[in-house]
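A.B. asks: Sequence plus predicted model, see below.
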Amino acid sequence: MTRLLILTAGYGEGHNAAARNLAAACTSLAGPASASVVDLLAVTSPRLNRLARRVYLAAINSSPRLWRGFYAWADRSRILPRHLWILHAELRALQSLLARERPAVVCGTFPLYAILLDRLARTGRLATPFFNVVTDSISIHSLWTRPACVGWFVPNDETAEVMRGMGVPPERLHVLGFPVSTFFCDHARELAPPDLAAGATPRVLYIIHSGVRHAGETARRLLAATDWDVTFAVGRDERLRRQLDRLAAGRPRPAQILGWTNEVPRLLMTHHVVISKAGGATTQEAIAARCPMLVNQIVPGQEEGNYELLRRRNIGALVETPDAAIAALRRAFADRGAEWSRWRAALAPLARPDASRAIAAHLLACAAAAASAA
């Protein structure tokens with residue numbers, strides 16, 4: 001029997017990152033095979049899922065206004081919960097998966113699954129408790145709150161307050177943080193950026209996502225300045241990587257150009273500032289690393305709350321142009337990093353680097369109780 005079944009979907013890295021990190025935490029606490037991760041949408045309808053993901057990425061990158069309208073409509077609409085026949089294949093596949101795996105507890109990091117699980121429970125086809133791991137902050141879509149979950153894990157108090165206002169019972173809300181990699185917790189005492197107050201050179205990390213406007217120009221401006229060391233993570237954009245390699249060749253200060261990398265946690269913990277879009281995973285990883293963030297893109301809807309969380313806490317800045325990014329960095333690092341120090345201190349109450357293990361421990365305890373009662 002699988003103790004914990006984690007359901008995810010590839011619509012934004014936050015869902016997959018949360019599922020992956022939660023499974024790793026379960027393994028560290030309870031051993032191999034204590035948790036399994038399944039992207040049911042990809043397994044059930046792979047071609048349709050690939051097409052839907054391409055449409056999603058095109059919408060958020062090329063037509064943000066159109067995506068904003070669709071997101072708002074879906075938030076208000078009750079069509080999906082009432083017409084689950086459109087997901088008949090997924091519902092049938094989920095029922096088969098549950099029968100095969102026989103998990104003690106189910107946890108979803110994508111809101112659609114709790115709706116499917118709720119339908120199975122209401123029709124007497126599921127007795128297994130199920131939870132939601134909410135991967136957004138503040139701007140919470142109603143799909144997260146509609147099913148009657150046993151509990152919701154939320155990243156911060158602000159999000160819990162919003163969800164209470166949406167009718168979620170307070171006793172079912174668990175403010176344990178976003179399940180980031182356990183690397184943040186395991187290396188918190190040994191990894192930190194150099195001391196700006198002692199005269200260290202600032203380190204800037206720029207995570208470049210597809211679809212971000214002015215990405216190339218911002219990178220060139222960062223390289224042209226000599227106020228800081230800079231690291232670029234360009235993902236799988238080899239063309240941009242080669243361009244930046246050429247530009248960095250004669251730079252007097254260090255510059256590192258990385259392609260796809262699994263070292264983002266280490267980079268966040270050893271750099272003073274990260275420039276990135278306000279994705280759920282990236283924002284929460286920056287918070288866990290206490291690395292102030294300059295946000296250069298916000299996907300309408302789900303990412304607005306991520307930036308709003310930082311804005312309310314007076315952390316970082318919104319930098320939608322290269323000029324704004326350079327100006328924000330110079331303000332942050334002036335007077336030996338006085339503004340940066342305030343940002344970093346403001347991140348401390350939000351940082352929950354042990355969130356994955358805390359959530360995993362809660363779920364494993366529920367699994368043990370469910371197994372005992374069976």
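C.D. replies: Happy to help now that I have it. This one's a predicted model, so the numbers in the text were calculated from it and none came from an experiment.

A.B. asks: quick one, domains of the chain?
C.D. replies: In the domain annotation for the chain, the residue ranges read 4-181+354-373, 184-347 (automatic domain parsing).

A.B. asks: Let me have the ones you listed in TSV, adding mean neighbour count and mean pLDDT as columns.
C.D. replies: Where C-beta positions appear, they are placed from N, C-alpha and C, glycine not excepted. Putting these into TSV (neighbours: other CB atoms under 10 Å; pLDDT from 0 to 100) gives the following:
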stretch	mean neighbour count	mean pLDDT
domain 4-181+354-373	18	89
domain 184-347	19	93
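
A.B. asks: Hmm, Pro353 and Ala188 touching each other?
C.D. replies: Yes: shown here, Ala188 and Pro353 form a contact pair, counting by CB atoms under 8 Å, at 5.7 Å.

A.B. asks: tell me which element the residue nearest the centre of the chain falls in.
C.D. replies: The geometric centre of the chain, computed from its C-alpha atoms, lies nearest to Ala281 (CA atoms, centre = their mean), at 1.9 Å. Taking DSSP states H and E as the criterion, Ala281 maps to helix 280-289.

A.B. asks: That helix: what's the following helix or strand?
C.D. replies: Taking DSSP H and E as the definition, the helix or strand that follows helix 280-289 towards the C-terminus is strand 293-295.

A.B. asks: List the strands paired with that next one, with their directions.
C.D. replies: Strands flanking strand 293-295 in the sheet, each with its direction: strand 273-276 (parallel), strand 317-318 (parallel) (DSSP bridges).

A.B. asks: what's it in contact with?
C.D. replies: Contacts of strand 293-295 from elsewhere in the structure, counted by CB atoms under 8 Å, 6 or more residues apart in numbering, are 273-278, 282-283, 286, 306-307, 310, 315-319, 325, 328-329.

A.B. asks: could you say what helices and strands the helix or strand following it packs with?
C.D. replies: Next helix or strand after strand 293-295 toward the C-terminus (DSSP H and E): helix 304-312. Judged by 3 or more CB pairs under 8 Å, 6 or more residues apart in numbering; DSSP states H and E, the packing partners of helix 304-312 are helix 157-165, helix 280-289, strand 293-295.

A.B. asks: Next, the angle helix 157-165 makes with helix 304-312.
C.D. replies: What separates the directions of helix 304-312 and helix 157-165 is an angle of 130 degrees, with axes from the mean of the first three to the mean of the last three CA atoms, to 10 degrees.

A.B. asks: Now do the helices in the stretch 101-250 of the chain.
C.D. replies: Counting by DSSP state H, counting those that start in this stretch, the stretch 101-250 of the chain has these helices, from start to end: 111-122, 157-165, 183-186, 215-224, 238-248.

A.B. asks: quick one: the last one to chain centroid distance?
C.D. replies: A distance of 27 Å separates the C-alpha centroid of helix 238-248 from that of its chain, computed with CA atoms, centre = their mean, to the nearest Å.

A.B. asks: Enumerate every residue touching the residue nearest to Thr282 when sequence neighbours are not counted.
C.D. replies: Taking CB to CB, 6 or more residues apart in numbering, and ignoring the residues beside it in sequence, Thr282 has Ser276 as its nearest neighbour in space, at 4.9 Å. If a contact means CB under 8 Å, 6+ apart, then Ser276 has 206-207, 209, 282-283, 286, 293-296 as its contacts.
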